[in-house]
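Enquirer: structure of the sequence below:
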Amino acid sequence: MSQGQLKLFYGRSAWIKCRKAFFASKFGLCEQCGSKGEEVHHKDPITAWDTVNNPEKCYSWNNLELLCRKCHEQTRARHDDELKFDANGDIVWVEKVDAKQL
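Expert: Below is the predicted model:
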C-alpha cells in the first residue's frame, strides 16, 4: 500500500475508533512481551484493495495485535521487505540486499 493510502486509512475515524477500543481491550500491554503497547498491528497486512473491499480484514480484532515498538519492528522484519520506523514513528521502507549482489 502506498504511503498516501496508508495515511488515509490510518486517519479514518473508523480506524481510530477500532484502534482505541482494541488498545483498551489489551490494557495497553504488548501481547508479545508485556511492555507498554504502542502499535496496533495487522497480523495479515492490509492492502489498498482491502481498505475498500475487505473491511473485515482491516477492522477485525482477529487480525489485530497490540505490540510495543520493538516487537512491532521485529514482527515486520520477518516480511520480505523490512520496515523500520523513523523518530516520528513513520514507516521507512528498507530494501533487503542479497549478499550475492555485493
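Enquirer: so what pairs up with Leu66 in the strands?
Expert: Taking DSSP bridges as the rule, Leu66 bridges to Val40.
Enquirer: for burial, what's the neighbour tally of it?
Expert: Neighbour count for Leu66, taken as other Cβ atoms under 10 Å: 24. The C-beta positions use only the backbone N, C-alpha and C, and glycine is treated the same way.
Enquirer: so how far is Gln5 from it?
Expert: Distance, Leu66 to Gln5, by Cβ to Cβ, to the nearest Å: 23 Å.
Enquirer: and for Val40?
Expert: Val40 is 18 Å from Gln5, by Cβ to Cβ.
Enquirer: and those two? Which one has more around it.
Expert: Counting neighbours by other Cβ under 10 Å for Val40 and for Gln5 shows that Val40 has the greater number, 20 against 14.
Enquirer: doesn't Ala21 make contact with the more buried one?
Expert: No - Val40 lies out of contact with Ala21 (Cβ atoms under 8 Å); the separation is 9.9 Å.
Enquirer: from Gln74, how far out is Glu38?
Expert: Distance of Glu38 to Gln74, given as Cβ to Cβ: 13 Å.
Enquirer: try Lys26
Expert: Where Gln74 is concerned, Lys26 sits at a distance of 18 Å (Cβ to Cβ).
Enquirer: compare those two and say which is more crowded by neighbours.
Expert: A count of neighbours by other Cβ under 10 Å puts Lys26 above the other of Lys26 and Gln74, at 16 against 13.
Enquirer: identify the residues contacting the nearest residue to that one once chain neighbours are set aside.
Expert: The shortest distance from Lys26 to any residue other than its chain neighbours is 4.3 Å, reached at Leu66 (Cβ to Cβ, 6 or more residues apart in numbering). For Leu66, the contact set (Cβ atoms under 8 Å, 6 or more residues apart in numbering) comprises Phe22, Phe23, Lys26, Gly28, Leu29, Cys30, Glu31, Gly37, Glu39, Val40, His41.
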